[in-house]
Structures are given as structure tokens and as C-alpha cells.
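> with the input below, show me the fold.
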Amino acid sequence: MENCGDLPERRGLRPFDAEEFRENAHRVVDFIADYYRDIEKFPVRSQVQPGYLQSLLPDNAPEYPETLESVLNDIQNKIIRGITHWQSPNFFAFYPSNSSTAGLLGEMLSGGFNVIGFSWITSPAATELEAIVLDWLGKIINLPEAFLLSGKGGGVIQGTASEAILVALLAARDKALKAMGMGSLERLVVYGSDQTHSSLEKACMIAGIQKTNFKALPTNSSMNYALSPEVLKKAISDDLSAGLRPFFLCATVGTTSSTAVDPLMELGKISQDHGMWLHVDAAYAGSACICPEYRHYLDGVELADSFNMNAHKWLLTNFDCSALWVKDSSALVEALSTNPEFLRNKASESNTVVDYKDWQVPLGRRFRLWHLAFLLWCAFDFYLPRLIQIMIMGTL
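Predicted coordinates:
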């Protein structure tokens, strides 16, 4: 193996200049366009066997670069056969095909800027555009003003609904422990239904909730598998009698297994009566509520403390784009904020800006807002809200 100093200069690292990048980017876009053109020709589910790729690729990374044409040929002949084609019109698993060419163009901008926008100062436009576009989306689905920046809350993009549920649970947990005392963790109880997404159970595991204190309450066909307010009331009564502290309820609009819609108004009133944080997980069906004909499924959301929906499930937006709104953003900040010296700056300390690092689990975050912004703002007047409504109505 040659020493690095022995390599000819022509092999040295040199990025594409603007014209070289333009030429190669056009070729990649052509490849993607051809993929979308031909996607219906592929079997939806990959037909390969486990370990198929090991025999098709070398044991070690290439020592010298290959041409883009060679790489694209390898993708065509070796990788595509191992892909399950989520964007195929014949894909009916899990949830609807989730992207669009407009969203993909926005994704290109996100990758091109490559902003790591964890705080306002790291890229003011990244923070402010996200806040504004989340307000737009919140208004489109007629969220109460308390969830918008004009109130005490606001919106933030999480990677998935699992992350949205986790940060809401962490905020609710810390709020409850602040009132009860830090030694009360083992008394805290979380409620969902047996139709609630498994991410709630995982969030409880991460947040240190006792396994026996996660209550997946039974549902049945008489209520179309929605959570019964009477069942919840009895569970709360039993837990209070046992000396436990109910503090969190996750209601769902469109469960994954049965598309059940929980009665938000009734559940919200129960949550308020017992001082519980109500989170509404509308990851699956929330997008339909941009249509006035289906907005009634969110009646009662005004009683919730947090609400999330996945734009990457039905709003033609590329993964990952899970929108979370909270009524009181300070609850997230108090639970998730860290401020080492290297993150401190005058803008943050002035309390006049949003630092999204304090609204999520990780520090770093992509400028991933572009795929949603393109759809709601600048996607060639094709994917504007009313036309998205028409698209959703046409699929129901």
C-alpha cells in the first residue's frame, strides 16, 4: 500500500468546481427521474435474501475512486434490487407513499446548505423559517392560537412521531416531578390504549417510568377501538387509590393498526380534572384534518398540551418531517436545555430567540424544513394547501 505522501498529485483531494458539480448533479437527477419513471416496473417488495449484498461488493472500501457512471451502474444493478419501493403507487404497507418531486427538490436545498441549525445564531434563517412554516401548517389545520408563536408555544420539526412523544413525555415528567419532588418518579403513571403506537411504551422506558405504570387500556369494537373515557376514569381512580400519580395521557387520531380516533374532548376534560399532560398523536391521520370535512376529528385539541402529526405520511413531504406543537415551550426548554460555555451567545441569553436544541433530544439538527416549505410556499403553485386538500379527499 502506498504512503499518502507517495500518491501522485492528480489523485489528491479536489472538490468539484461549480461546472463539474452541475454536470454530475444533472446526471444524478436524471438517474432519479428515470427511477421514478420506471418505479411501477419493479416488484414492490425486494425479492433478495438476507446477506445478498455481501457477495456483490468488495470486502474493503475502494482505494481509488470510480467514475460516477460506474457508481450509478452499481446502484442500478446491485442496490435497487434490494430496495422495497416505498414510493411505488402499488405500495400499501404501513402508511401512504410519502414524498413528492417538489419535496425532493427541497431536500436538495437542505443538503446543499448543510446547515446545523441547533440554535438561532448558527443560522437565523433556519430557525425562523421553521417557526414560520410550522405556524402556517398549524393555521391550515386550524390549531388553537396557543400552539403558535403568537402564544406561549410554537412548532418544531422532530424526526419522527416517536421523538415527538418522547420529548412531550420528558417535559411532562419533569413538570410533575418539580411539583411532587424528584423522588416520586416511581409513582408516575402513563396512559394510552391498546391501539396506541408502541413508541409511547418505548418513551416510557427511556424516561424511567416503571414498566407496570405504563397502562395500555383495553378497547373494543363497540367504540371502533377508540379509548373509552369511562375506562380511563376507572383506571385513574384505581391508580389514585393505590397511591400512584397519573400524569400523562396519549390520545391518538388515527391509530396504526385500526385507524381509531380517540374522543379528544372527553379525554381532555378528564386530563384537566386530574392535572395530566394530554398529548395528541395524530401522526397517521392528522394530515387529513387540513380538509374542513375532517377537521372535526381534532375537536378537543384545544385541551391538549402538545400535538404532533407526520407531514411525511400524507402531505407529500419527504421523510423525516414530524411536526410537533406545544402550548408552553418553556416546559420543553426546562426539561431539555443544556448550556455549556461553547453554546452560550448574546442572542440566546437575551431570551428573544428560539434555540431548537432545547426542543429536542439531540443537539445537532438538519435544515430539513425545506421539503415542507417547498410544498406550502414555492412548489411551482402546484402543491399549495387547497390542492393538497383535494389530493387527500381523492384518496379517501
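> mind telling me what element the closest residue to P229 other than its chain neighbours is part of?
Spatial nearest neighbour of P229, chain neighbours left out: E266 (4.1 Å); criterion: CB to CB, 6 or more residues apart in numbering. Just so you know, the C-beta spots here come from the backbone N, C-alpha and C atoms, and that holds for glycine as well. According to DSSP states H and E, E266 maps onto helix 264-273.
> who are the packing partners of the next helix-or-strand element following that helix?
Downstream of helix 264-273, the next assigned helix or strand under DSSP H and E is strand 277-281. Helices and strands touching strand 277-281, by 3 or more CB pairs under 8 Å, 6 or more residues apart in numbering; DSSP states H and E, are helix 161-180, strand 245-252, helix 264-273, strand 306-310.
> mind putting the ones you listed in a markdown table, mean pLDDT and distance to S46 included?
Shown next, in a markdown table, are these (pLDDT from 0 to 100; distance: least, CB to CB, whole Å):
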| stretch | mean pLDDT | distance to S46 |
| --- | --- | --- |
| helix 161-180 | 96 | 24 |
| strand 245-252 | 98 | 30 |
| helix 264-273 | 98 | 39 |
| strand 306-310 | 95 | 24 |
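> so which of the ones you listed is the most packed in?
Most buried of the helices and strands packed on strand 277-281, by mean neighbour count (mean count of other CB atoms under 10 Å): strand 306-310, with a mean of 29.
> which residues touch the following helix or strand past it?
Next along the chain after strand 306-310, taking DSSP H and E as the criterion, comes helix 311-314. By CB atoms under 8 Å, 6 or more residues apart in numbering, the residues outside helix 311-314 that reach it are 95-96, 98-99, 137, 283-284, 287-288, 317-323, 372, 392.
> out of the helices and strands packed on strand 277-281, which gets nearest to K233?
Closest approach to K233 among the helices and strands packed on strand 277-281 (CB to CB): helix 264-273, 6.2 Å.
> S271 touches L278, doesn't it?
Yes. In this structure, S271 is within contact of L278 by CB atoms under 8 Å, at 4.1 Å.
> now for these two: what residues contact both?
Shared contacts of S271 and L278, counting by CB under 8 Å, 6+ apart, come down to 249, 303.
> gap between the residue nearest to P229 and L227?
Applying CB to CB, to the nearest Å, the value for E266 to L227 is 9 Å.
> likewise L137?
Relative to L227, L137 is positioned 26 Å away (CB to CB).
> between these two, which one's more packed in?
More crowded of L137 and L227, by other CB atoms under 10 Å: L227, with 29 against 22.
> which element is the more buried one on?
Assigned by DSSP H and E, L227 belongs to no helix or strand.
> give me the pLDDT value at it.
We have a pLDDT of 97 for L227.
> per-residue pLDDT, the closest residue to it other than its chain neighbours?
Spatial nearest neighbour of L227, chain neighbours left out: S193 (4.1 Å); criterion: CB to CB, 6+ apart. S193 carries a pLDDT value of 97.
> do the same with A311
pLDDT, A311: 85.
> now the helices for this protein?
18-38, 68-74, 101-113, 124-140, 161-180, 199-207, 229-241, 264-273, 311-314, 329-336, 346-349, 370-373, 385-395 (DSSP state H).
> closest one to S221 among those helices?
S221 lies closest to helix 229-241 among the helices of the chain, at 14.1 Å (CB to CB).
> output the closest one as CSV, nothing but the C-alphas.
Written as CSV, here are the backbone C-alpha positions of helix 229-241 (Å, rounded to 0.1, in the frame of the first residue of the first chain):
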residue,chain,number,x,y,z
PRO,A,229,-63.5,7.9,28.7
GLU,A,230,-65.2,5.6,31.3
VAL,A,231,-62.3,3.0,31.1
LEU,A,232,-59.8,5.8,31.6
LYS,A,233,-61.7,7.2,34.6
LYS,A,234,-61.8,3.9,36.3
ALA,A,235,-58.0,3.3,35.7
ILE,A,236,-57.2,6.7,37.1
SER,A,237,-59.4,6.1,40.2
ASP,A,238,-57.8,2.7,40.8
ASP,A,239,-54.3,4.2,40.5
LEU,A,240,-55.0,7.1,42.8
SER,A,241,-56.3,4.6,45.4
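> now for it, which elements pack on it?
Looks like helix 229-241 contacts strand 188-193, strand 214-217, strand 245-252, helix 264-273 (3+ CB pairs under 8 Å, 6+ apart).
> got TSV for these, with distance to D30 too?
Below are these laid out as TSV (distance: least, CB to CB, whole Å):
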stretch	distance to D30
strand 188-193	47
strand 214-217	49
strand 245-252	42
helix 264-273	47
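> that older thread, between the helix holding E266 and strand 245-252, how many degrees?
Counting by axes from the mean of the first three to the mean of the last three CA atoms, to 10 degrees, helix 264-273 lies at 160 degrees to strand 245-252.
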